[in-house]
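Participant: predicted structure and sequence below. I'll ask about it afterward.
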Amino acid sequence: MTYRKTDPVLLARAKKMRREPTPAERKLWLALRAKRLGNAKFSRQVVIEPFIVDFASRKLGLVIEIDGDTHDFSDEDDLRRTRFLEKQGYRIMRFTNAEVMGNMEGVLRAIEEKLQDAPLPNPLPAGERE
């Protein structure tokens, strides 16, 4: 298996975004980090070339995006981005800053429901095949 080196410009941008999260990203990260939600491992500002996603659980194939007030993408850009990520095997969840800041309980409940629908890892760990 060969691995491609991550684009250094995207990687630098992702690192900067990790150091300077929006208030909504910071709030959601506190709930997701360290397997706090459904024992799922999430990372933040993840490069999935050619994009940087806000949060991703690579093992569970779940991407969570927070769309801010100054959202850089049009609906068409969002659709193209979503289609690309889905072709890579990811399921996408989108929330607005307002939802995260004003209804965190509802956001977390929606994520937990999506985690329940997560595909099992392949291959299954020993003892779980029966």
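Facilitator: Yep, that arrived.

Participant: pretty sure Trp29 sits in a strand.
Facilitator: No. Judged by DSSP: H, G, I helix; E, B strand; the rest coil, Trp29 forms no part of a strand; its state is helix.

Participant: what sits against it?
Facilitator: Residues in contact with Trp29 (C-beta atoms under 8 Å, 6 or more residues apart in numbering) are 21, 44, 55. The C-beta positions use only the backbone N, C-alpha and C, and glycine is treated the same way.

Participant: buried only: go through those residues for me.
Facilitator: 21, 44, 55 (16 or more other C-beta atoms under 10 Å).

Participant: not counting sequence-adjacent ones, nearest residue to the last one?
Facilitator: In space, not counting the residues next to it along the chain, Phe55 is nearest to Ile64; the distance is 4.1 Å by C-beta to C-beta, 6 or more residues apart in numbering.

Participant: partners of that neighbour in the sheet?
Facilitator: Taking DSSP bridges as the rule, Ile64 bridges to Phe55, Met93.

Participant: that one: neighbour count?
Facilitator: Using other C-beta atoms under 10 Å, Ile64 is surrounded by 24 other residues.

Participant: report the contact partners of it.
Facilitator: 28, 32, 42, 53-56, 93-95, 111.

Participant: ok, it to Pro8 distance?
Facilitator: Separation of Ile64 from Pro8 (C-beta to C-beta, to the nearest Å): 25 Å.

Participant: quick one: contacts of the least confident helix or strand in the chain by mean pLDDT?
Facilitator: Scoring the helices and strands of the chain by mean pLDDT, DSSP states H and E places helix 75-87 at the bottom, with a mean of 90. Outside helix 75-87, the residues that touch it by C-beta under 8 Å, 6+ apart are 48, 51, 53, 63, 67, 73, 92, 94.

Participant: how about these, which pair is most distant?
Facilitator: Maximum pairwise distance in the contacts of helix 75-87, criterion C-beta to C-beta, is 17.0 Å, between Ile48 and Asp67.
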